[in-house]
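A.B. asks: next come a sequence and a model predicted from it.
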Amino acid sequence: MGSLKIIDAGLFTSIQDAGRTGYRKYGIPYSGAADPKAYEEANRLVGNQAGSPVIEFTLQGGRIRFNSRAVIALTGADMSPVLNGSAVIMYGSFLVKEGDELKLQFAKRGCRTYLAIAGELKADKVFGSYSTFGKAGFGGYKGRNLKAGDELSWTETTKQFSELKTPVEEIPYYSSKLKLKLMKGPEWNWLSEEGGRQFLDQEFKVSSSSDRMGVRLEGTKVKALERQMISSPVIPGIIQLPGNGEPIILMNDGQTIGGYPRIAKVYDSELWRVGQVKPGDTIRFEMKEST
Amino acid sequence: MELQSLLLNNKSWHVRTLGEKAWLLEPEFDGEVLAEIHKLHALFEKHEIPEISETVPAYRSIAIIFKEELKDFGYVAELLEKQIKPSENVEVMSRVIEVPVCYDLGLDWEEVSSHTGLQKQKLIKAFESAEYPVAMMGFLPGFIFLDGLDASLSVPRRSSPRTKISSGSVGIGGSQTGIYSIESPGGWNIIGRTPHSFFDLQSEPPMKLNPGDRLQFKGISKDEFFKLSGESGDG
């Protein structure tokens, strides 16, 4: 059994996996890693099965002490990882020894970093997933974000360590200026012509109140018809337009039912990018209807 | 994006795109819309169509979330129309469940009274005189949206939502009524609390309710509330 201790939990650190499905009718969101691409790659690099739980760090990672030897890999945002004072690689597996300390600093680009540990990380499996859903307090580590003093453990694999690296050309670039492809949402027609232009022609700024529920956007207010909306189903990627005219892109922990017009949806294939935006980044939208 | 119509269970449903893997079905008929949505949801659950990941019923629509990206409308339309046969009998759960409520733990009686012009006792009587079908669950885990609130009991949402509402709180938000199963932020007017726990992490499924079940509220005292909930009364 391997273990580690959180010395400094950073800004927002939780255990996540591929998320839970089948419970939206009870109001339970998918949760899961906000950047599924980086998450999957982290598990692949350490030889874990797809769907294994990992640690997700946000903006600033903090410090971890390993109480035992481990094979680990870091993917996603580059938080300038340092092991016992020396820089270590992103997107490659490496060995850590008992007593080693890993430090993750502020993300240079992107927002979220994933730490996978070879073996089976111990966590609470709730409704089929290890993902933490903090709003309702279940899954992952005691249903909450990690904090200083927490100890995590895992069952070690019997596999030999073999160094794996992501080919350089496959490592994504996390731009601070995004352009996201959209399809029209069920209430797209609630936007006036002016509102539609306001929405598609401007560069929005990502608000600091963004979280795993949704990316909140700031900018020129987008005008929509003042119509009563009845609470209706939503999914991650849906862009809601509340009365204040500032769009919200729903993410993994977003609600299952929403009462604001669903004006558009970010393509699923682009959602990993949304998982990597940080406050201050800018987003432009591009309507791209398939057919 | 506008698509087409589907004939499911002898009813016509308008199909719209919610996402690459998700459709929204909206009734193209009048009448017992919510009951038909619940019936269709029950049919989807009964058939466990392998291509479908899950379905989410709501007040005026039902979301069908597929496992894979949808490429061809016709293919999926045929698949669903073949599985969901016309006038197939399905039993929609419609149990009547008595829900004890302590109205003395309500937080917003003043606002509710001043808005409706009714005194607390009259309000309680009117509130308890109806059965409330479970319309849908969500936005947060276990929040129960109920149908059937009498128009005279409608009270606008609070202008500034509370950051913390206790689990079991019964509220009125506009023309809707519902129950906060878990502690959460919220903007509805709280008229009481039930010691009943509807959401259970340890059970599968986590909710003991189904869409279509009908709730009947019955007043209890504070003493009874604390005895049933196991909470201490001093908090």
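C.D. replies: It's in.
A.B. asks: state the pLDDT value of residue 2.
C.D. replies: As the question left the chain open, I've gone with chain A. Looking at A:Gly2, its pLDDT reads 97.
A.B. asks: that's the wrong chain, I wanted chain B
C.D. replies: The per-residue pLDDT reported for B:Glu2 equals 53.
A.B. asks: ditto for A:Ile230
C.D. replies: For A:Ile230, the model assigns a pLDDT of 86.
A.B. asks: what about it, which SS state?
C.D. replies: With DSSP: H, G, I helix; E, B strand; the rest coil as the basis, A:Ile230 sits in coil.
A.B. asks: mind checking how far it is from A:Arg63?
C.D. replies: 48 Å (Cβ to Cβ, to the nearest Å). C-betas here are computed from N, CA, C, even on glycine.
A.B. asks: out of the two, which sits in the busier spot?
C.D. replies: A:Arg63 (17 against 10; other Cβ atoms under 10 Å in any protein chain shown).
A.B. asks: who's in contact with that one?
C.D. replies: A:6-8, A:101-104 (Cβ atoms under 8 Å, 6 or more residues apart in numbering or on different chains).
A.B. asks: ok, now with 6 Å
C.D. replies: A:7-8, A:103 (Cβ atoms under 6 Å, 6 or more residues apart in numbering or on different chains).
A.B. asks: where's it, which helix or strand?
C.D. replies: Element membership for A:Arg63, per DSSP states H and E: strand A:60-66.
A.B. asks: what pLDDT does the model give the closest residue to A:Thr132 other than its chain neighbours?
C.D. replies: In space, and not counting its chain neighbours, A:Thr132 is closest to A:Gly140: 3.0 Å by Cβ to Cβ, 6 or more residues apart in numbering or on different chains. A:Gly140 is assigned 98 on the pLDDT scale.
A.B. asks: for A:Gly140, name its beta-bridge partners.
C.D. replies: A:Asp124 (DSSP bridges).
A.B. asks: how many other residues sit next to it?
C.D. replies: 28.
A.B. asks: assign B:Phe225 to helix, strand or coil.
C.D. replies: Under three-state DSSP, B:Phe225 comes out as helix.
A.B. asks: excluding sequence neighbours, find me the nearest residue to it.
C.D. replies: That would be B:Cys102: by Cβ to Cβ, 6+ apart, it lies 3.8 Å from B:Phe225.
A.B. asks: what does B:Phe198 give?
C.D. replies: B:Ser181 (4.6 Å).
A.B. asks: residue contacts, that neighbour?
C.D. replies: Counting by Cβ under 6 Å, 6+ apart, B:Ser181 touches B:142, B:198-199.
A.B. asks: from those residues, pick the one nearest chain A.
C.D. replies: Closest approach to chain A among those (Cβ to the nearest Cβ): B:Gly142, at 5.8 Å.
A.B. asks: OK, contacts around the closest one?
C.D. replies: Counted by Cβ under 6 Å, 6+ apart, B:Gly142 has contacts A:27, B:181-182, B:198-199.
A.B. asks: farthest pair in these?
C.D. replies: Farthest apart among these by Cβ to Cβ are A:Gly27 and B:Phe198. That separation is 10.9 Å.
A.B. asks: of the contacts of B:Gly142, closest to A:Thr256?
C.D. replies: Here the nearest of the contacts of B:Gly142 to A:Thr256, counting by Cβ to Cβ, is A:Gly27; it sits at 5.2 Å.
A.B. asks: ok, for the closest one, nearest residue in space, not its chain neighbours?
C.D. replies: The nearest residue in space to A:Gly27 (Cβ to Cβ, 6+ apart) is B:Gly138, at 3.7 Å.
A.B. asks: thought that neighbour was touching A:Gly254?
C.D. replies: No. B:Gly138 lies out of contact with A:Gly254 (Cβ atoms under 6 Å); the separation is 10.9 Å.
A.B. asks: what residues are shared contacts of these two?
C.D. replies: In contact with both B:Gly138 and A:Gly254: no residue, using Cβ under 6 Å, 6+ apart.
A.B. asks: spatially central residue for the chain, please.
C.D. replies: Went with chain A since none was named. A:Ala34 (2.0 Å; Cα atoms, centre = their mean).
A.B. asks: wrong one, I was asking about chain B
C.D. replies: With Cα atoms, centre = their mean applied to chain B, the nearest residue to centre is B:Met136, 2.5 Å.
A.B. asks: looks to me like it is in a strand.
C.D. replies: Yes. Assigned with three-state DSSP, B:Met136 falls within a strand.
A.B. asks: partner residues bridging it?
C.D. replies: Applying DSSP bridges, one finds that B:Met136 bridges with B:Phe145.
A.B. asks: what sits against it?
C.D. replies: B:57-58, B:145.
A.B. asks: looking at those residues, which is nearest chain A?
C.D. replies: Closest to chain A, out of all of the contacts of B:Met136 and judged by Cβ to the nearest Cβ, is B:Ala58, at 5.2 Å.
A.B. asks: can you report how many residues neighbour whichever residue of the stretch 1-150 of chain A sits closest to chain B?
C.D. replies: With Cβ to the nearest Cβ as the measure, A:Gly27 is the residue of the stretch 1-150 of chain A nearest to chain B, at 3.7 Å. By the other Cβ under 10 Å criterion, the neighbourhood of A:Gly27 contains 26 residues.
A.B. asks: name every strand pairing with the strand holding A:Arg63 and say which way it goes.
C.D. replies: In the sheet, strand A:60-66 lines up against strand A:2-8 (antiparallel), strand A:101-106 (antiparallel) (DSSP bridges).
A.B. asks: now do the buried residues in the last one.
C.D. replies: Going by neighbour count (16 or more other Cβ atoms under 10 Å in any protein chain shown), the buried part of strand A:101-106 is A:101-104.
A.B. asks: got those as CSV, with pLDDT columns?
C.D. replies: Output for those, formatted as CSV (pLDDT from 0 to 100):
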residue, pLDDT
A:Glu101, 98
A:Leu102, 98
A:Lys103, 98
A:Leu104, 98
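A.B. asks: name whatever forms a beta bridge with B:Ile172.
C.D. replies: B:Thr177, B:Asn189.
A.B. asks: ok, it touching B:Asn189?
C.D. replies: Yes. Proximity of B:Ile172 to B:Asn189 meets the contact threshold set by Cβ under 6 Å, at 4.9 Å.
A.B. asks: which neighbours do these two have in common?
C.D. replies: Common contact partners of B:Ile172 and B:Asn189 (Cβ under 6 Å, 6+ apart): B:Val155.
A.B. asks: tell me which parts of chain B are close to chain A?
C.D. replies: B:1, B:16, B:19-20, B:22, B:24, B:53-54, B:56, B:58-61, B:63, B:137-143, B:182, B:201, B:206-207 (Cβ under 6 Å from any Cβ of the partner chain).
A.B. asks: so what are the domain limits for the chain?
C.D. replies: This is for chain A. Per the record, chain A has its domains at A:2-170, A:177-287, by automatic domain parsing.
A.B. asks: you answered for a different chain; I wanted chain B.
C.D. replies: B:2-83, B:96-229.
A.B. asks: A:Gln160: which of those is closest?
C.D. replies: So among these, domain B:2-83 is nearest, using Cβ to Cβ, at 35.5 Å.
A.B. asks: mind listing the strands for chain B?
C.D. replies: Under the criterion DSSP state E, strands of chain B are mapped to B:2-8, B:11-19, B:22-27, B:52-57, B:62-66, B:96-101, B:132-137, B:144-146, B:162-165, B:169-173, B:176-180, B:184-186, B:189-193, B:214-219.
A.B. asks: export those strands to a markdown table and tack on distance to A:Tyr130?
C.D. replies: Listed next are the strands of chain B as a markdown table, based on distance: least, Cβ to Cβ, whole Å:
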| stretch | distance to A:Tyr130 |
| --- | --- |
| strand B:2-8 | 36 |
| strand B:11-19 | 25 |
| strand B:22-27 | 24 |
| strand B:52-57 | 19 |
| strand B:62-66 | 21 |
| strand B:96-101 | 33 |
| strand B:132-137 | 23 |
| strand B:144-146 | 27 |
| strand B:162-165 | 27 |
| strand B:169-173 | 30 |
| strand B:176-180 | 26 |
| strand B:184-186 | 23 |
| strand B:189-193 | 33 |
| strand B:214-219 | 34 |
